[in-house]
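Trainee: Sequence first, predicted model second:
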Amino acid sequence: MTTLLRNCWYVALPGKDLKPGKMVHKKMLGEPVLVGRHEDGEVFAMRDICPHRGIPLQYGWIEGKDVCCCYHGWKFSSEDGRCREIPSLTEYDDLDISRIRVPTYPCREVQGNIWVYFAEDSKKELDPSTIPPVPTIPDFGKVSPGLSEIIHFACHIDHAIIGLMDPAHGPYVHSSWWWRSGPRKFRVKEKQYEPVPLGFRLVPYEMPVSARPYKILGNKVSIEIVFELPSVRTEILRGDRYSACLLTTITPIDETECIAFQSIYWTIPWMGLFKPLLSLLTRKFLAQDRDVVIQQQEGLVYDPPLMLIDDADTQAKWYFRLKQEYQKAQAENRPFKNPVEPRILRWRS
Ligand code: FES
């Protein structure tokens, strides 16, 4: 397992879980992060530690565009983190309070998720022109997901990601009475992949007519699956009537745990009626992935050598190569060069 990628956007939480005037503590990439929403709806993120005596700012409150510490009332701008008021100071003090600063993080709400950007060093002030755009799903505009689910994985983010893109675990981990029940029937799969700016994609193809559940999107339904660093997987189904998208992103809590955020978007007007059922099935599906990872940890504590085979594990190999190149390009201060080549992958599942 390799280190956590920086200079990237990660999801902190679904936007619906943060009401105006509220703040929430998150541990992301091992750092204490305070994510808040002003009364006007705008979101912000800053280090969740008061520079005075270290108490988390989450216990304070929001005042206008500032965050106030609960201990001695120091007030910090949520925009640049600078201290704006120390109530105990008198006119005889000459302390330049603007030199006291809480590090802030770029924070945006996009398509219903709140994203936080982690630069190489979170404590340094960032040049805004160096911040890349937030990952966005094409075709879905400014919509929010119809459904959001969150699940905790007790493992390094690399294990969660390669589990996410692993085409061979489905018949074993995701067998339920409502999904692939009965004896396992394997078929040879043959899929074309190609590079995209920060990852790779399954080249869109038309779903076979036998794939009945997809019929609700229309007669001709195509599927496209894209994975991009650091941990963004987008599965888009486009029909001649409707479209749907499953966005999965994984955020490291630290080197040993991570959180998967799953957002489902659709353009089907009546789909909301099936939300409780869809939510139940999505949670069940994610829980199956989580449970197998918990079992895997029992073996990983012995630090065994691990294997990645061709072709079923090729996407995992690509992930590690992409990650390595991303870190190398940044260390050498040069453009990222995608190491993935177009290729057909074949496996049985
Ligand atoms: S600890 Fe925050 S103001 Fe004193």
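Mentor: Thanks, I have the structure now.

Trainee: tell me how far the ends of stretch 147-163 are from each other?
Mentor: Using C-alpha to C-alpha, to the nearest Å, the end-to-end distance of stretch 147-163 comes to 22 Å.

Trainee: let's have the chain start at 550 instead
Mentor: OK, 550 is where the count begins now, so the last one is stretch 696-712.

Trainee: doesn't Glu890 make contact with Arg870?
Mentor: No. At 10.6 Å, Arg870 does not count as touching Glu890 under the criterion of C-beta atoms under 8 Å. Any C-beta I mention is one placed from the backbone N, CA and C, and that applies to glycine too.

Trainee: the more surrounded of these two?
Mentor: A count of neighbours by other C-beta atoms under 10 Å puts Arg870 above the other of Arg870 and Glu890, at 13 against 10.

Trainee: Helices of the stretch 650-799 of the chain, residue ranges please.
Mentor: 706-713, 719-722 (DSSP state H, counting those that start in this stretch).

Trainee: Tell me which of those helices is the most buried.
Mentor: Among these, the stretch with the highest mean neighbour count (mean count of other C-beta atoms under 10 Å) is helix 706-713, at a mean of 22.

Trainee: List of residues touching it?
Mentor: Identification of contacts with helix 706-713 by C-beta atoms under 8 Å, 6 or more residues apart in numbering yields 550-551, 553, 702, 718, 780, 782, 797, 799-801, 807, 809, 838, 841-842, 845, 849, 862, 864-865, 868-869.

Trainee: Could you identify the buried members of the residues you listed?
Mentor: Using 16 or more other C-beta atoms under 10 Å as the burial test, the contacts of helix 706-713 include 553, 702, 718, 780, 782, 797, 799-801, 807, 809, 838, 842, 862, 864-865, 868-869 as buried.

Trainee: ok, the closest residue in space to Leu751 that isn't next to it in sequence - how many residues close by?
Mentor: Excluding the flanking residues, the one nearest Leu751 by C-beta to C-beta, 6 or more residues apart in numbering is Ile774, at 4.1 Å. Ile774: 19 surrounding residues under other C-beta under 10 Å.

Trainee: Quick check: bridge partners of Ile774?
Mentor: Beta-bridge pairing for Ile774 (DSSP bridges): Leu751, Glu784.

Trainee: Of the contacts of helix 706-713, which belong to helices?
Mentor: Asp838, Val841, Val842, Gln845, Leu849, Gln864, Ala865, Tyr868, Phe869 (DSSP state H).

Trainee: give the contact list for whichever residue of the stretch 650-799 of the chain sits closest to the ligand.
Mentor: With C-beta to the nearest ligand atom as the measure, Val651 is the residue of the stretch 650-799 of the chain nearest to the ligand, at 9.8 Å. Applying C-beta under 8 Å, 6+ apart to Val651 gives the contacts Met595, Arg596, Ile598, Cys599, Pro600, Leu606, Val616, Phe625, Gly630, Cys632.

Trainee: ok, the most far-flung residue of the chain relative to its centre to Leu826 distance?
Mentor: Computed with C-alpha atoms, centre = their mean, the residue of the chain farthest from its C-alpha average is Tyr641, at 49.0 Å. As judged by C-beta to C-beta, to the nearest Å, Tyr641 and Leu826 stand 67 Å apart.

Trainee: circling back: out of the contacts of Val651, flag the one nearest to the ligand.
Mentor: Cys599 (3.2 Å).

Trainee: so that closest one sits in a strand?
Mentor: No. Counting by DSSP: H, G, I helix; E, B strand; the rest coil, Cys599 falls outside a strand, being coil.

Trainee: Show me what the residue most central in space within the chain bridges to in the sheet.
Mentor: Nearest residue to the geometric centre of the chain (C-alpha atoms, centre = their mean): Thr798, 2.9 Å. Taking DSSP bridges as the rule, Thr798 bridges to Val781, Phe810.

Trainee: what's the residue farthest from the centre of the chain sitting at in phi/psi?
Mentor: Main-chain dihedrals, Tyr641, degrees, to the nearest 10: phi -90, psi -10.

Trainee: Tell me the bridge partners for Gln741.
Mentor: Assigned bridge partners for Gln741, using DSSP bridges, are Ile893.

Trainee: my guess is it meets Ile893, correct?
Mentor: Yes. The criterion here is C-beta under 8 Å, and Gln741 meets it with Ile893 at 5.4 Å.

Trainee: With Arg633 as the reference, measure out to the residue farthest from the centre of the chain.
Mentor: In terms of C-beta to C-beta, Tyr641 sits 20 Å off from Arg633.
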